[in-house]
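Enquirer: Curious how this folds, go ahead:
(chains A and B)
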Amino acid sequence: MLNDVLFRLRSLFRRKSVEVELDEELRFHFEQQVAKFIQSGLPPQEAKRRARLDFGGVEQLKEEHRDARGVTFIETVLQDIRYGLRTLAKSTGFTVVAMLTLALGIGANTAIFSYVNAWLIKPLPYPQADRLMVLETHDKKRGWTSEHFTSAADFFDFQKQNTSFEQTVVWTDANFNLTGDGPPALVEGGRVSWNYFDTLGTKPILGRTFTPDDDRSGAPHVAILSQGLWQSRYAGDPKILGRNIAIGGEAYTVVGVMPGTFQFPLMGLANLWTPLALTDKQCADRGSTWLPAFGRLRLGVTRKQAQAETAVFFAGLEKRFPQTNTGMTLLVNSMTDEIAREEGAPQVMICLCMVGLILLIACANVANLMLARATNRAREFAVRGALGATSGRLARQLLTESLLLFLFGGAAGVFFGLWGMRWIESQIPGHIRGYLVNYGHADLDSTTLGFTLGITLLCGLIFGLAPARENSKLNLSSTLKEASAQATGAKGSARLRRIFVAAEIALAVVVLISATLLVKSFMISVRSSPGYNPANLMVAQLALPRTKYAGESRQRNFSEDVLARIRALPQVDSAGMASNVPFGGFGQGVEFEAVGKPALQPGERQGTHFTAVSADYFSTMQIGLVRGRMFNFADTQGGSPSVIINQTMAEQIWPNEDPIGKELRFGDQHTVGTIVGVVNDVKMYQLRPRPERQMYVPLAQFPSATLGFVVRTTADSTAMATAVRDTIWTVDRDQPISSVEPLETLMIIVDAGNRVLTKLMVFFGVLAMFLGVIGIYGVMSNLVSQRTHEIGIRTALGASRPQVMGMVIGQGLKLALIGVVVGVLGALGATRALATMLYQVTPYDPLTFISVPIVFAAVAAAACSIPARRAMRVEPIVALRYE
Amino acid sequence: MFPVEAIGSTMPDPRIDLPQGTLDLLILRTLALEPQHGWAISERIHQVSSQALFVQQGSLYPALHRLERKGWIKARWGASENNRRAKFYELTRLGHKQLEREENAWRKLAAAVAQILETT
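Expert: So this is what the prediction gives:
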């Protein structure tokens, strides 16, 4: 067997030398024969003649010899390829159109698949990443899961007693105010358990990771830097280890530097880490759930086993601490899945489905082009058939051509895909790249290229097979007899092409309806009022270091000083401040109880978002008052605080009641406040919010270390940003500022994922429709040119031109309508998968389901009218003479 | 001395057609004695069969290459009796086994055919 293969390969690749050897061998034989005849007494001339006669046809012999060598198959393939290349090169127009169509389809698939690969297929960049699990709180009663661990006390109990995990870690993201060694800077990072890096399995490039001793309250302060921070801020100082840096006004000793490739997408961008070092009081707290957690399973332990153990453990906690733990359990979920979900894996999969459909449309188009071309080549095939080519041989020739075409399309598609990948990456704002594996970069690696090659060959084979089979059916006499190339035969081919067109229109309608639903959701979410006016509004955010601004009065003095100075800036219409502003990244919640309502069940909690605002915050933001009053300057220190709640909270807690004057108890101190007003709901964290409770208190009574200044201004945003920055630094020149941006920019950043998705949807929708319409146009216009003769006769017999035009358009429209109806039915089934991604649009949005088919049918009719007009202009004389 | 064509036309042709598949056997058998080049193989078959069998070049070389592909014989270039470069074929170990198999099969077939011819 091996011998056989080697022999064939040698024959194939060393064809020249094999042929030369054969020549030599035969010549030797010939000469021996001649010598023998001469010996037997024949004159030399006669001997040669005789030998030649015996020998027979040399070329024929060689041919038989080649068959015996067994390379004919491969040689025919090579021959087919050469012939295919020549044919493709000859019909440039066809080749370019088909290649571009395929390049669009295959390129879109390559680009989207590269993200599927990066986010769903490639393992996370940690050793044995499949053993990493995130631990998430699950509220059994409400069926609600939070990404946070239940509480510090629960965590440490679990850490000590579980047997499933090798290591467990809690962490929290943090912003560090870095001073000294340059301008004050706010650096993103995290406070982490000592074993955070070891559990992930990443080693520092310099120094060490944290030790259990570092992770104790009151231990000497230590910090680990990212390679980026080390190089940018400390110029790659080789003696960085042991150096003291100032974080929030306190000295920290650098003990390590992590490699530039280290990343933990759940934390986001991180350049600085300190130990969590919880105080004893924090460790003993079972009530507040604020720490995200993950762990590494012991070798051989499955997720299910760990989940079972965890469930039992938390059931025990429920019994021991009913006050805090009733109904609470912990889920063990794959970190890979969790990160993929956060990145938008469902959206990527939807995109993959769409580009898959688009590829089918593109392939159907190309198959149709090939069918049309092959019909015109019927005579060529008939001649080749007459010369002895079998129909199998012709089919193979056609299949080779189609595979070549697809391979070229695929190659062009890779470039198009590469461009698409770069485009997608460029659309991801820097702020959220930290949450994406490899910072949102997808590689054109072997998996992606393999996928591209796979779909290219698969489609080439499937869509090449039908035309190849259809056209290799030889009917020599009839085709050759037909004097002109107007092959009215090939009925099967025409039927196949109509099926292809109807199918691709159906697919295009599915894509277009799905895309429209998603785009509509986006438009609604962007256009619906956020509850304030984000235009011309600058937002400056900062976090005061707790050491420098330990007391409430210091925080209050700082914030009021800054606000007064900002208000005095030129071109500032009004200014306000709050502990957290919409899309700002800071956020706070409190538990509360309404006074005079039935007490909550044990373990039941009731929370609300909590924001402390200055008196002029609402007026600056232009948040509308629904009832009661806004805060005024009388709402200052002392006395029962005034509270303003949003509409959702009013409706949920005091349905059918006037909440004004009602009291509620909130926060750790069980402060009692009186409701003085109700304001409209605002979008705080997402552009697609669910109704969430929100309460406001006066900032004067509840000073905050996190501050967001809102400034309504007519000035240019860059100039204003600089002015605001300088103002803050005149009050405290060491105070880092996390950001100064127009609120509209913050909103765009938060919604970046949906924005990219929407742009892709617009592109996919347009592409699908374009390809579908091109398809129907191509088929109709080919049909018209094939029927020129018939149309001429009809006209000669008295058919009016509008009749002719109507006939052609009618035929096209019939195909389009079949496609559209099938497409709408298909879409009814398909759009359900989009439900979770839609906002204020149902998957069966009637407007979309009615308008898309109408628009599609209209465009298809317009496309058919072009060939129809050509049909109308057919002169009977010309058409008849054509014969 | 008469023209060659006359021999063919006046004398009955002593050559007989080779049954399908026997050529391989004859080649293997010939090569079992010693390595030979193509011409010598055909000559030898011709002589040993008392001029009854004549192998056409048109069938000899394809057969040789087919056998080579199957790994029963192998070829190498060497010098002929008159010091010309010629391609010599020799039997491989696989070829020896194959020859044994084919010989047995042939003998059985011949005996069976002979038996049938005698009894009827």
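Enquirer: Show me which helix runs longest in chain B.
Expert: Longest helix of chain B, by residue count under DSSP state H: helix B:93-119.
Enquirer: Buried ones in that one, by neighbour count?
Expert: Of the residues in helix B:93-119, those buried under the neighbour-count criterion (16 or more other Cβ atoms under 10 Å in any protein chain shown) are B:95, B:98, B:99, B:102, B:106. For every residue, glycine as well, the C-beta is placed using N, CA and C.
Enquirer: Now do the SS call for residue B:77.
Expert: Under DSSP: H, G, I helix; E, B strand; the rest coil, the three-state class of residue B:77 is strand.
Enquirer: List the contacts of it.
Expert: The contact partners of residue B:77, taken as Cβ atoms under 8 Å, 6 or more residues apart in numbering or on different chains, are B:85, B:86, B:87, B:88.
Enquirer: If any of those are buried, give me the PyMOL selection for them.
Expert: Per 16+ other Cβ under 10 Å, the buried members of the contacts of residue B:77 correspond to this PyMOL selection:
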select buried, chain B and resi 86+87+88
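Enquirer: what subset of the contacts of residue B:77 is also close to chain A?
Expert: Filtering the contacts of residue B:77 for proximity to chain A by Cβ under 8 Å from any Cβ of the partner chain leaves B:85, B:86, B:87.
Enquirer: so which of those residues would you say is closest to residue A:339?
Expert: Looking at the ones next to chain A among the contacts of residue B:77 and their distance to residue A:339, the nearest is residue B:87, at 66.9 Å (Cβ to Cβ).
Enquirer: just checking, that closest one touches residue A:28?
Expert: Yes - counting by Cβ atoms under 8 Å, residue B:87 sits close enough to residue A:28 to count as a contact (7.4 Å).
Enquirer: Determine the residues that are contacts of both of those two.
Expert: B:37, B:38.
Enquirer: Beyond the host helix or strand of residue A:94, next helix or strand please.
Expert: In this assignment (DSSP states H and E), residue A:94 forms part of helix A:92-116. Using DSSP H and E, the helix or strand that follows helix A:92-116 in sequence is strand A:132-139.
Enquirer: now that next one, how far from the chain's geometric center?
Expert: Centroid separation for strand A:132-139 versus its chain: 25 Å, with Cα atoms, centre = their mean, to the nearest Å.
Enquirer: That one pairs with which strands?
Expert: With DSSP bridges as the criterion, the sheet partners recorded for strand A:132-139 are strand A:144-146 (antiparallel), strand A:293-297 (antiparallel), strand A:328-334 (antiparallel).
Enquirer: quick one, which of those strands is nearest to residue A:427?
Expert: Of all the strands paired with strand A:132-139, it is strand A:328-334 that lies closest to residue A:427, at 27.7 Å by Cβ to Cβ.
Enquirer: what's the closest one in contact with?
Expert: Here strand A:328-334 makes contact (Cβ under 8 Å, 6+ apart) with A:130, A:132-140, A:145, A:149-150, A:158, A:164, A:303, A:306-307, A:310-311, A:313-315, A:317-318, A:603.
Enquirer: now residue A:609: how far from chain B?
Expert: Separation of residue A:609 from chain B (Cβ to the nearest Cβ, to the nearest Å) stands at 81 Å.
Enquirer: And for residue A:686?
Expert: Here the distance between residue A:686 and chain B works out to 71 Å (Cβ to the nearest Cβ).
Enquirer: What helix or strand is that residue located in?
Expert: Taking DSSP H and E as the definition, one finds residue A:686 inside no helix or strand.
Enquirer: and the nearest residue to it once chain neighbours are set aside, backbone torsions?
Expert: Counting by Cβ to Cβ, 6 or more residues apart in numbering or on different chains, the nearest residue to residue A:686 once its immediate chain neighbours are dropped is residue A:750, at 6.7 Å. Recorded main-chain torsions at residue A:750 are phi -60, psi -30, according to degrees, to the nearest 10.
Enquirer: Next, count neighbours for residue A:750.
Expert: Here the count is done by other Cβ atoms under 10 Å in any protein chain shown, and residue A:750 has 21 residues near it.
Enquirer: Do I have it right that it meets residue A:685?
Expert: Yes - at 7.4 Å, residue A:750 and residue A:685 qualify as touching, with contact defined as Cβ under 8 Å.
Enquirer: okay, and the common contacts of these two?
Expert: residue A:583.
Enquirer: And the next helix or strand past the helix or strand that contains residue A:560?
Expert: Here residue A:560, judged by DSSP H and E, is contained in helix A:552-567. Sequence order places strand A:572-578 as the next helix or strand after helix A:552-567, per DSSP H and E.
Enquirer: The strands paired with strand A:132-139 into CSV, with extra columns for mean neighbour count?
Expert: Written out in CSV, the entries for these read as follows (neighbours: other Cβ atoms under 10 Å in any protein chain shown):
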stretch, mean neighbour count
strand A:144-146, 12
strand A:293-297, 24
strand A:328-334, 20
